[in-house]
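A.B. asks: here is a sequence together with a model predicted from it:
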Amino acid sequence: MQAYRISISKCSMCQINNIHEKVCNYCKPFFYYNGPAMENLKIALQKNGRLSDLSLNLIEECGIIFANEGKGKLISVGQNFPADVLYIRDDDIPQYVFDGVADIGIVGENEVMEKGKDVKIIERLGFAKCRLSLAISQSVEYKGKEYFNGKRIATSYPKILKKYLNNNNIQAEIHEISGSVEIAPGIGLADSIFDIVSTGSTLVSNRLKEVEVVFHSEAVIIANKCIPEKKKGMLDDLLFRIKSVQRSKNNKYILLNAPDDKLDKIVELLPGIKSPTVMPLYQKGWSSLHTVVNENDFWEVINKLKEYGAQGILVSSIEKMII
């Protein structure tokens, strides 16, 4: 692992040590390297919040250990894998990846679409799912998209909203605000909002209702389109680990006992990855069947298995799944 040096100075605005060359722009760190370039794969993660926790958990499940983790961290160095994590604001991640400061990043697809940077989505992770929706006051009768003509809409995602409005020939006034979008109608700033919706509880607590879903989002891995050749092997290794972890979460290992005369029907129900393992039991006429099945599929076929005489059905989680 090649050593590197980092300039660290104190921001005159926030008085917090940040890694940068100049005064930070509202505490947005600019990573300034005054030594040899980092040879490790650089991964940009959200510095705090739910997506940060989920991303770090995923990396931990891949068997990767990082040093320097803790409150206020800016960089964590991989101890058993050639990777470094840069902790930054989620809305800065697409820019950092595009500029090559980070090689890859884990971020919400909504941020990727809003920033519009020329980066590549290389993996969808299936967590941190949400949607970008238009919402109005609960007291307003909604008759369709034409409602928004001439209305004021508050949002933190003006580019996505503008594209939607243009595609639907809607003329509306966009008010861009950076946070607490949901209170805008209540204080008279806007007639409606365009914001992230997960469970919808925040809308309800602010007496709003969701009326149009514009975009579905989830956590994705984005990559710079010009990753150095020497780092592509590291990225391939990381993706291999991530996919193995993701597959294991969606599948279960099944063990069951079945009468031999029903094995063909049971194998048809549970074909496994390639083929189930079938071993004869001590009791004649019975066999033990071992296979892997998607958890959702399992619940659909459980009654059929019982109908075919399957007994002693055991369902086990899979830690890693390599195909």
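C.D. replies: Structure received. The structure displayed is predicted, hence computed values, not measured ones.
A.B. asks: now do the helices in the stretch 51-200 of the chain.
C.D. replies: Using DSSP state H, counting those that start in this stretch, the helices found in the stretch 51-200 of the chain span residues 93-99, 109-115, 158-167.
A.B. asks: could I get these as CSV with mean neighbour count and mean pLDDT?
C.D. replies: Yep, even glycine has a C-beta here, placed from its N, CA and C like the rest. Shown next, in CSV, are the helices of the stretch 51-200 of the chain (neighbours: other C-beta atoms under 10 Å; pLDDT from 0 to 100):
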stretch, mean neighbour count, mean pLDDT
helix 93-99, 22, 95
helix 109-115, 20, 95
helix 158-167, 16, 96
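A.B. asks: so where's the longest helix in the chain?
C.D. replies: helix 229-250 (DSSP state H).
A.B. asks: who's the residue nearest in space to the middle of the chain bridged to?
C.D. replies: Nearest to the geometric centre of the chain sits residue 219, at 1.9 Å (C-alpha atoms, centre = their mean). Beta-bridge pairing for residue 219 (DSSP bridges): residue 108.
A.B. asks: that one touches residue 121, doesn't it?
C.D. replies: No - counting by C-beta atoms under 8 Å, residue 219 stays clear of residue 121, with 10.7 Å between them.
A.B. asks: what's the overlap in contacts for the two?
C.D. replies: The contact sets of residue 219 and residue 121 overlap at residue 109 (C-beta atoms under 8 Å, 6 or more residues apart in numbering).
A.B. asks: please report phi then psi for residue 100.
C.D. replies: When read as degrees, to the nearest 10, the backbone of residue 100 gives phi 90, psi 0.
A.B. asks: neighbours around it, how many?
C.D. replies: As a burial measure, residue 100 scores 13 neighbours (other C-beta atoms under 10 Å).
A.B. asks: residues in contact with it?
C.D. replies: Residue 100 is in contact with 224, 226, counting by C-beta under 8 Å, 6+ apart.
A.B. asks: next: residue 270.
C.D. replies: Applying C-beta under 8 Å, 6+ apart, we find residue 270 in contact with 254, 276, 289, 291, 293, 301, 305.
A.B. asks: for residue 207, same thing?
C.D. replies: Residue 207 makes contacts with 137, 138, 139, 186, as judged by C-beta under 8 Å, 6+ apart.
A.B. asks: what sits closest to the third one if chain neighbours are left out?
C.D. replies: With sequence-adjacent residues excluded and distances taken as C-beta to C-beta, 6 or more residues apart in numbering, residue 139 is closest to residue 207, at 7.5 Å.
A.B. asks: tell me the pLDDT of the one you found.
C.D. replies: pLDDT, residue 207: 93.
A.B. asks: over to residue 104?
C.D. replies: Model confidence at residue 104, given as pLDDT, is 96.
A.B. asks: surely it is in contact with residue 120?
C.D. replies: No - using C-beta under 8 Å, residue 104 is not in contact with residue 120, being 9.5 Å away.
A.B. asks: the two: which is more packed in?
C.D. replies: Set residue 104 next to residue 120 and count neighbours by other C-beta under 10 Å: residue 104 wins out with 27 against 13.
A.B. asks: dump the residue contacts of that one.
C.D. replies: When contacts are counted by C-beta under 8 Å, 6+ apart, residue 104 touches 41, 42, 43, 44, 97, 122, 221, 222, 223, 224, 227, 235.
A.B. asks: and the residue nearest to residue 309 when sequence neighbours are not counted, how many neighbours?
C.D. replies: Spatial nearest neighbour of residue 309, excluding adjacent residues (C-beta to C-beta, 6+ apart): residue 259 at 4.7 Å. By the criterion of other C-beta under 10 Å, residue 259 has 14 neighbours.
A.B. asks: now residue 259: how far from residue 265?
C.D. replies: Per C-beta to C-beta, to the nearest Å, residue 259 is found 10 Å from residue 265.
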